[in-house]
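I'll drop the sequence and a predicted model, then ask my questions.
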Amino acid sequence: MFERFSSGYYLGELYVEPHGGERAVIRRADHEHVNEQLYADGEGVERLDAPLVMKVDGGHIPVGGDDDVPSGTLAIPQELADETLPDRRNVLLADADRAEKLLRWEGWEPYVNA
(Lines give C-alpha, C1' and ligand atoms only; values in the text may rest on other atoms or scores of the structure.)
Protein backbone atom coordinates (compact mmCIF):
# COMPACT_ATOMS: atom_id res chain seq x y z
CA MET A 1 0.00 0.00 0.00
CA PHE A 2 2.89 2.39 0.81
CA GLU A 3 6.48 2.52 -0.41
CA ARG A 4 9.45 4.44 1.03
CA PHE A 5 9.45 7.94 -0.47
CA SER A 6 11.99 9.88 1.59
CA SER A 7 13.74 9.73 4.95
CA GLY A 8 10.52 10.72 6.73
CA TYR A 9 7.66 9.54 4.52
CA TYR A 10 6.13 6.66 2.62
CA LEU A 11 4.08 7.29 -0.53
CA GLY A 12 0.85 5.60 -1.47
CA GLU A 13 -2.17 6.20 -3.63
CA LEU A 14 -5.59 6.17 -1.98
CA TYR A 15 -9.10 7.01 -3.01
CA VAL A 16 -9.81 10.12 -0.89
CA GLU A 17 -13.41 10.99 -0.11
CA PRO A 18 -15.21 13.28 2.31
CA HIS A 19 -17.32 11.85 5.13
CA GLY A 20 -19.39 13.14 8.02
CA GLY A 21 -17.09 11.93 10.80
CA GLU A 22 -14.89 14.07 13.03
CA ARG A 23 -11.59 12.39 12.12
CA ALA A 24 -9.91 10.90 9.09
CA VAL A 25 -10.16 7.10 8.81
CA ILE A 26 -9.12 4.18 6.65
CA ARG A 27 -10.36 0.59 6.83
CA ARG A 28 -9.48 -0.82 10.28
CA ALA A 29 -7.71 -3.89 8.84
CA ASP A 30 -5.58 -1.63 6.57
CA HIS A 31 -4.85 0.67 9.53
CA GLU A 32 -3.67 -2.22 11.69
CA HIS A 33 -1.61 -3.69 8.84
CA VAL A 34 0.18 -0.38 8.13
CA ASN A 35 0.71 0.21 11.87
CA GLU A 36 2.21 -3.26 12.23
CA GLN A 37 4.37 -3.08 9.10
CA LEU A 38 5.65 0.50 9.33
CA TYR A 39 5.26 1.68 12.93
CA ALA A 40 5.85 -1.36 15.14
CA ASP A 41 9.44 -1.91 16.26
CA GLY A 42 8.94 -5.63 16.89
CA GLU A 43 9.81 -5.44 20.59
CA GLY A 44 6.95 -6.29 22.94
CA VAL A 45 3.28 -5.50 22.59
CA GLU A 46 2.54 -2.77 20.06
CA ARG A 47 -0.49 -0.50 19.91
CA LEU A 48 -2.13 -1.10 16.56
CA ASP A 49 -4.77 1.55 17.26
CA ALA A 50 -2.31 4.47 17.38
CA PRO A 51 -3.16 7.04 14.72
CA LEU A 52 -1.25 7.02 11.48
CA VAL A 53 -0.19 10.47 10.30
CA MET A 54 -0.84 11.25 6.65
CA LYS A 55 -0.09 14.34 4.64
CA VAL A 56 -2.83 15.26 2.21
CA ASP A 57 -2.77 18.49 0.22
CA GLY A 58 -0.06 20.05 2.37
CA GLY A 59 -1.58 19.31 5.78
CA HIS A 60 -0.87 16.53 8.28
CA ILE A 61 -3.84 14.66 9.71
CA PRO A 62 -4.08 11.81 12.24
CA VAL A 63 -5.84 8.80 10.74
CA GLY A 64 -7.73 6.13 12.66
CA GLY A 65 -9.34 2.86 11.67
CA ASP A 66 -13.00 2.20 10.86
CA ASP A 67 -14.69 -0.99 9.67
CA ASP A 68 -17.14 0.93 7.47
CA VAL A 69 -14.51 2.39 5.12
CA PRO A 70 -13.66 0.43 1.95
CA SER A 71 -10.09 -0.85 1.61
CA GLY A 72 -7.82 1.59 -0.20
CA THR A 73 -9.94 4.60 0.82
CA LEU A 74 -9.09 7.53 3.05
CA ALA A 75 -12.24 9.20 4.38
CA ILE A 76 -11.57 12.74 5.59
CA PRO A 77 -13.87 15.07 7.52
CA GLN A 78 -16.06 17.24 5.31
CA GLU A 79 -14.37 20.46 6.53
CA LEU A 80 -11.00 19.24 5.20
CA ALA A 81 -12.40 18.21 1.82
CA ASP A 82 -12.34 20.38 -1.26
CA GLU A 83 -14.48 20.42 -4.39
CA THR A 84 -12.23 17.96 -6.24
CA LEU A 85 -13.18 15.04 -3.97
CA PRO A 86 -13.78 12.19 -4.25
CA ASP A 87 -10.64 11.40 -6.22
CA ARG A 88 -7.56 9.13 -6.28
CA ARG A 89 -4.61 10.96 -4.75
CA ASN A 90 -1.02 10.44 -3.77
CA VAL A 91 -0.85 10.45 0.01
CA LEU A 92 2.26 10.72 2.17
CA LEU A 93 2.42 8.62 5.33
CA ALA A 94 4.81 9.87 7.99
CA ASP A 95 7.23 7.23 9.24
CA ALA A 96 7.11 6.20 12.90
CA ASP A 97 9.58 8.80 14.20
CA ARG A 98 8.01 11.70 12.32
CA ALA A 99 4.50 10.56 13.23
CA GLU A 100 5.39 10.41 16.92
CA LYS A 101 6.82 13.95 16.81
CA LEU A 102 3.77 15.31 14.98
CA LEU A 103 1.34 13.59 17.33
CA ARG A 104 3.21 14.73 20.45
CA TRP A 105 3.22 18.28 19.10
CA GLU A 106 -0.58 18.02 18.96
CA GLY A 107 -0.67 16.70 22.54
CA TRP A 108 -1.22 12.98 21.88
CA GLU A 109 0.88 10.45 23.80
CA PRO A 110 1.27 7.67 21.23
CA TYR A 111 3.13 5.14 23.32
CA VAL A 112 1.39 5.46 26.67
CA ASN A 113 -0.96 2.55 27.41
CA ALA A 114 -4.39 3.73 28.48
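Received, thanks.

run through the bridge partners of residue 93.
For residue 93, the beta-bridge partners under DSSP bridges are residue 10, residue 54.

what about it, distance to residue 68?
21 Å (Cβ to Cβ, to the nearest Å). C-beta: built from backbone N, CA, C; applies to glycine.

out of the two, which sits in the more crowded spot?
residue 93 (24 against 10; other Cβ atoms under 10 Å).

give the contact list for the more buried one.
For residue 93, the contact set (Cβ atoms under 8 Å, 6 or more residues apart in numbering) comprises 2, 9-12, 34, 38, 52-55.

and the helices in the chain, which stretches?
28-34, 96-105 (DSSP state H).

spatially nearest residue to residue 30 (excluding sequence neighbours)?
residue 71 (5.7 Å; Cβ to Cβ, 6 or more residues apart in numbering).

please read the previous query as pertaining to residue 11.
residue 5 (3.7 Å).

now swap in residue 82 and tell me
Closest to residue 82 by Cβ to Cβ, 6+ apart is residue 57, at 7.3 Å.

what's the burial count for that neighbour?
So residue 57, with other Cβ under 10 Å, has 14 neighbours.

correct me, but it touches residue 85?
No: using Cβ atoms under 8 Å, residue 57 is not in contact with residue 85; the gap is 9.9 Å.

would you map the strands across this structure?
Along the chain, the stretches classed as strands by DSSP state E are 2-4, 9-19, 24-27, 52-56, 59-66, 73-77, 87-94.
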